[in-house]
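**Student:** I need the structure of the sequence given here:
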Amino acid sequence: MSDSSQSNTQPGEHPAGGLQGLRVMVIDDSSTIRRSAEKMLQQEGCEVVTAENGFEALPLIVRSRPQLIFVDIMMPRLDGYQTCAIIKNNEEFKTTPVIMLTSKDGLFDKARGRVVGSDQYLTKPFTRDEILGAVRQYQPAA
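**Tutor:** Numbers count the residues shown, from 1 in each chain. Okay, here's the model as predicted:
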């Protein structure tokens, strides 16, 4: 006889209601930040796509159609403000949540992020709880 209250998840897996299958993009020129965020998100079941800068990210966004995008502000070629503005000015992606990642937490930086359409601001270094909390805040309803 089986106990119906027993969980079917294996060690290392997360129960239903996690972030299974959520497509998230992380754009950051720091490989350490990209890897850390990718690992934290994948452990919760997210599909993660990464890019080193906004220029590299734009075609990946069109191909992978992420449901949430994290973007660093200070990057070469296209910075995070420019990248966010391009995403938010695109009819297909204007409702995709964009969360700015930065080591700068000044009022001016946050205001500038809002002007270009960012949905939230996460200061680096971020914790696992902070990044997962941000994802859950913008997770589409099941």
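**Student:** quick one: distance of the helix or strand bottoming out on mean pLDDT in the chain to the chain centre.
**Tutor:** The weakest-scoring helix or strand in the chain, judged by mean pLDDT, DSSP states H and E, is helix 107-115 (a mean of 87). In terms of CA atoms, centre = their mean, to the nearest Å, the centre of helix 107-115 is found 18 Å from the chain centre.
**Student:** okay, and residue 26 sits in which element?
**Tutor:** strand 23-27 (DSSP states H and E).
**Student:** grab the longest helix from this protein for me.
**Tutor:** helix 31-43 (DSSP state H).
**Student:** what helices or strands is whichever helix or strand residue 82 is part of leaning on?
**Tutor:** Here residue 82, judged by DSSP H and E, is contained in helix 80-88. Where contact means 3 or more CB pairs under 8 Å, 6 or more residues apart in numbering; DSSP states H and E, helix 80-88 is packed against helix 54-64, strand 68-72, strand 98-102, helix 107-115. Placement of C-beta: from N, CA and C, glycine included.
**Student:** need the winner for burial among those.
**Tutor:** Most buried of these, by mean neighbour count (mean count of other CB atoms under 10 Å): strand 68-72, with a mean of 26.
**Student:** neighbouring contacts of that strand?
**Tutor:** 22-30, 33, 37, 54, 57, 61, 80, 83-84, 87, 96-102, 118, 122, 131, 134-135, 138-139 (CB atoms under 8 Å, 6 or more residues apart in numbering).
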